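Participant: Let me see the structure of the following:
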Amino acid sequence: MEIKNQTALVTGANRGIGRHFVTELLRRGAAKVYAAARNPASVDVPGATPLRLDVTDDDSVAAAAALAQDVTVLVNNAGVAALTPFVGGDLSGARREMEVNYWGTLRMVRAFAPILGRNGGGGILDVLSQSSFRAFGFADTYGAAKAAAWQLTNGVRLELAGQGTQVTGLAMALVDTDMSDWAREQDDWALAEPRDIVRQALDGFEAGAFEVLGDEMTREWRSRLGEPAEALYPQAATAPAGRR
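Facilitator: Model prediction:
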């Protein structure tokens with residue numbers, strides 16, 4: 001699906017990967033790019049069309065859909081990471097992750113699928129994560145929300161195939177954005193350049209890929225999903241027998 005002359009909408013477009021999506025879509029010749037954010041005044045990409053949107057609010061999503069009836073490409077990028085563990089800690093962060101990363105994406109898909117269908121099918125690009133299919137033993141409530149979004153992406157791909165809507169999922173490890181501030185001082189974490197991830201994502205989208213894997217770590221882990229859980233998480237086997 002060629003980006004040129006399409007009308008795109010990017011959620012979470014005022015910073016991070018979202019801002020790079022807006023810039024790259026315009027560079028590739030998109031006729032219009034709605035840059036959606038809770039505060040549209042914070043959108044600063046020349047040529048973009050700011051749009052007020054809170055993906056956690058039904059009325060806000062409905063209002064955005066009513067205004068953006070010309071959309072042919074939807075980029076579900078809005079996301080949040082609370083870095084909350086499953087055991088212990090405040091569950092409000094985990095609920096927020098699910099509300100934004102899963103329910104927010106579902107709200108947008110439900111609101112814009114009919115619009116895409118009326119406009120010839122179009123396409124959806126969901127920004128997922130390596131955490132969609134990998135646990136780390138910390139902050140995995142984010143991964144649970146992204147895993148739900150991964151399943152959503154796969155299911156929506158099947159549900160919308162009949163109307164000709166292409167659905168692509170983007171998965172990657174850490175990217176050099178505000179969301180990854182916590183990892184900057186970790187020696188064993190490499191942060192990818194957001195512009196590189198976005199270019200790979202749109203290259204894959206234009207080529208009709210179902211999935212785009214943005215870095216070698218993600219590609220390697222994705223290829224291992226058929227292995228037994230014991231092989232994927234050998235560190236869990238070190239727990240004392242009485243505590244397993």
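Participant: switch to C-alpha atoms for all contacts and neighbour counts from now on
Facilitator: Noted.
Participant: Not counting its own residues, what contacts the lowest-mean-pLDDT helix or strand in the chain?
Facilitator: Across the helices and strands of the chain, mean confidence by mean pLDDT, DSSP states H and E is lowest for helix 216-223: a mean of 89. Under the contact criterion Cα atoms under 8 Å, 6 or more residues apart in numbering, helix 216-223 has outside partners Q130, F133, R134, A171, M172, A173, L213.
Participant: swap in stretch 153-172?
Facilitator: 113, 116-117, 120-130, 132, 150, 197, 201, 205, 208-215, 218.
Participant: what mean pLDDT does the longest helix along the chain have?
Facilitator: Assignment by DSSP state H gives helix 140-159 as the longest helix of the chain. Mean per-residue pLDDT for helix 140-159: 96.
Participant: Give the buried residues for it.
Facilitator: Buried residues in helix 140-159, counted by 16 or more other Cα atoms under 10 Å: 140-150, 152-153, 156-157.
Participant: Tell me the strands beside the next helix or strand after it, with direction?
Facilitator: Following helix 140-159 in sequence order, the next helix or strand is strand 166-171 (DSSP states H and E). Strand 166-171 has its sheet partners listed here by DSSP bridges as strand 123-127 (parallel), strand 211-213 (parallel).
Participant: ok, back up a step: are any of the contacts of stretch 153-172 buried, and which?
Facilitator: 113, 116-117, 121-130, 132, 150, 197, 201, 205, 209-215, 218.
Participant: ok, residues contacting stretch 27-47?
Facilitator: 3-15, 19, 22-23, 25-26, 48-54, 68.
Participant: what do you get if the cut-off is 6 Å, keeping everything else the same?
Facilitator: Contact with stretch 27-47 is made by 3-14, 48-54, as judged by Cα atoms under 6 Å, 6 or more residues apart in numbering.
Participant: Of those residues, keep whichever come out buried.
Facilitator: Counted by 16+ other Cα under 10 Å, the contacts of stretch 27-47 give 3, 6-14, 48-54 as buried.
Participant: where are the low-confidence patches of the protein?
Facilitator: 175-189, 191-192, 238-244 (pLDDT under 70).
Participant: And the strands in the chain?
Facilitator: 7-10, 32-37, 49-52, 73-76, 123-127, 166-171, 211-213 (DSSP state E).
Participant: In CSV, list those along with distance to R224.
Facilitator: Formatted as CSV, these follow (distance: least, Cα to Cα, whole Å):
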stretch, distance to R224
strand 7-10, 31
strand 32-37, 36
strand 49-52, 40
strand 73-76, 26
strand 123-127, 21
strand 166-171, 15
strand 211-213, 14
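Participant: do you know which of those strands lies nearest V87?
Facilitator: Closest to V87 of the strands of the chain, according to Cα to Cα: strand 166-171, at 25.6 Å.
Participant: Could you tell me the angle between the closest one and helix 140-159?
Facilitator: 160 degrees (axes from the mean of the first three to the mean of the last three Cα atoms, to 10 degrees).
Participant: Please save the CA atoms from strand 166-171 in PDB.
Facilitator: C-alpha atoms of strand 166-171 as PDB (Å, rounded to 0.1, in the frame of the first residue of the first chain):
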ATOM      1  CA  GLN A 166      -4.400  -4.200   5.400                       C
ATOM      2  CA  VAL A 167      -3.300  -4.600   9.000                       C
ATOM      3  CA  THR A 168       0.400  -4.500  10.000                       C
ATOM      4  CA  GLY A 169       1.900  -4.900  13.400                       C
ATOM      5  CA  LEU A 170       5.200  -3.300  14.400                       C
ATOM      6  CA  ALA A 171       7.300  -4.900  17.100                       C
END
